[in-house]
Structures are given as C-alpha cells and as structure tokens.
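Asks: Provide a 3D model corresponding to the input given below.
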Amino acid sequence: MEERMIETKTLANGLEMSIYDASRKIAGDRWYVVLLARVVVPVREGFLGQGADAMDPADVQKALGEIVVFEQRRERNFVDDNDKTAVFDNLYQTFSSGTGSYVAHPDFPARFIKKRLSECLAG
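Replies: A predicted model of the protein is given here:
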C-alpha cells in the first residue's frame, strides 16, 4: 500500500509523529480511506522510566533494538470519491483529539517501550 506523507510534527514529549494517507481506490468511484500515524520511539535513557522503575538501556536494546515504532490506523471502506477528503479529515481530527494526545504524554515513551518489552519476552 502506497503511503503519502501528510505531516510530521514534534510532540510535547519530544517524539515526532508522522501522519500518512494510505488510501487507495477500490472500484470505480469508491475508496478505501486510510490514515496511518507513526511515532518512532528511540530506546534510550530518558525514555526508559525513572528511579526503581527505570529499565536498563542495554537490556532493552538487546531485546527490541534501538527503536520501537508505534503505529495506528484509522480506516473507512467504500467511501464515495466526493467524500474522500472529508472522511480523511474526520479520521485525522478524531485521531488527533484522542490517540494524538495519548502519544504526546510525557510518560508515553517509557510505557510503550515497557509494553513492547513485555510482549517480546512473553512471545
């Protein structure tokens, strides 16, 4: 699926979030409208928690690598050609007001890395 970058913005926690339009035409005047949001989280001190809850960067990098990627999709199927832009804009607004503020939270990097590490060790 081809992705067209819409914007990249720096979040309050210092991470960058990129928004892509990965929509594609499916039949005649109908679209599969897809908003893709991606946040690259570097595995480094400062993003690994603090105090007794802090994770060791070397251990985390050994398990996960130097970065972990948060990705969210919002999608609508069988959208009329005339409505494609409005539907994408609505997906963007909905994402920004909900998940967008979640990934901008100062604790997001440590929580996300901890979650990915837990998934890696469990699987």
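
Asks: my guess is residue 91 contacts residue 74, does it?
Replies: Yes: assessed by C-beta atoms under 8 Å, residue 91 is found in contact with residue 74 at 4.2 Å. The C-beta positions use only the backbone N, C-alpha and C, and glycine is treated the same way.

Asks: Are there residues contacting both of these two? Which ones?
Replies: Applying C-beta atoms under 8 Å, 6 or more residues apart in numbering, one finds that residue 91 and residue 74 are jointly contacted by residue 35.

Asks: and the residue of the chain most remote from its centre, what does it touch?
Replies: Distance from the C-alpha centroid of the chain peaks at residue 28, with 30.6 Å (C-alpha atoms, centre = their mean). Counting by C-beta under 8 Å, 6+ apart, residue 28 touches no other residue.

Asks: returning to what we had before: more neighbours: which of residue 91 and residue 74?
Replies: residue 91 (21 against 18; other C-beta atoms under 10 Å).

Asks: I'd like to know how many residues surround residue 51.
Replies: 5.

Asks: Make 886 the first number, not 1, from now on.
Replies: Understood, numbering begins at 886; the last thing we discussed is residue 936.

Asks: Quickly note the distance from it to residue 1003.
Replies: Look at residue 936 and residue 1003: by C-beta to C-beta, to the nearest Å, they are 19 Å apart.

Asks: for residue 906, same thing?
Replies: 32 Å.
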